[in-house]
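Colleague: fold the following.
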Amino acid sequence: MKKIWNTNNAPAPVGPYNQAIEFNGILFCSGQIAINPATGDLVTDNIEAETHQVMKNIGAMLENAGLGFENVLKASVFVKDMNLYGRINAVYAEYFNEDTAPARELVEVANLPKFVNVEISVIVGRE
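Modeller: Modelled structure (predicted):
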């Protein structure tokens, strides 16, 4: 059965999609950018702050579904500039350890919504 998960602790969808959909114990989370859900403002002080906000938004969606970063199976990371990879990766690594790090791809793209520098989506499983 398909279940829709949305929370006020992550940015509200701005189109015809939901924050997350669960099907057969797998949670598919929509891509997150660095929108502060409390203010609706973009966090773009620097790439580290931007990436932390993205991860906080993902964390809020996971928590809403009763899950955590240790449950993430796969992450898709989209970056505007591959030269930011090291700095994005350093922040990303703070949310996972060697035992819980998911499979992942990181790709450079021409542009992202609202012209941000990073967007991340995850696929999560229940144990």
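Colleague: only C-alpha atoms from now on, for both contacts and neighbour counts.
Modeller: OK.
Colleague: right, and the helix or strand after the helix ranked longest in the chain?
Modeller: Longest helix in the chain, counting residues (DSSP state H): helix 47-64. Using DSSP states H and E, the next helix or strand after helix 47-64 towards the C-terminus is strand 72-79.
Colleague: strand partners (parallel or antiparallel) of that next one?
Modeller: strand 103-108 (parallel), strand 118-125 (antiparallel) (DSSP bridges).
Colleague: could you pull up the mean pLDDT of that strand?
Modeller: Mean per-residue pLDDT for strand 72-79: 98.
Colleague: what does that strand contact?
Modeller: 85, 100-109, 112, 117-125 (CA atoms under 8 Å, 6 or more residues apart in numbering).
Colleague: if we use 10 Å, what do you get?
Modeller: 26-29, 31-33, 62, 85, 88-89, 92, 96, 100-112, 116-126 (CA atoms under 10 Å, 6 or more residues apart in numbering).
Colleague: do stretch 8-15 as well
Modeller: Residues contacting stretch 8-15 (CA under 10 Å, 6+ apart): 6, 18-19, 30, 32-41, 53-54, 56-61, 63-64.
Colleague: of those residues, buried ones?
Modeller: With neighbours counted by 16 or more other CA atoms under 10 Å, the contacts of stretch 8-15 contain buried members at 6, 18-19, 30, 32-37, 53-54, 56-61, 64.
Colleague: quick revisit: hmm, which of the contacts of strand 72-79 are the buried ones?
Modeller: Applying 16+ other CA under 10 Å to the contacts of strand 72-79 flags 26-29, 31-33, 62, 85, 88, 92, 101-102, 108, 116-125 as buried.
Colleague: how far does the longest helix of the chain sit from its chain's centre?
Modeller: Centroid separation between helix 47-64 and its chain, computed with CA atoms, centre = their mean, to the nearest Å, is 6 Å.
Colleague: ok, stretch 18-31 next?
Modeller: 12 Å.
Colleague: same question, stretch 62-70
Modeller: Distance, stretch centre to chain centre, for stretch 62-70: 12 Å (CA atoms, centre = their mean).
Colleague: kindly report the same for stretch 98-109.
Modeller: 11 Å.
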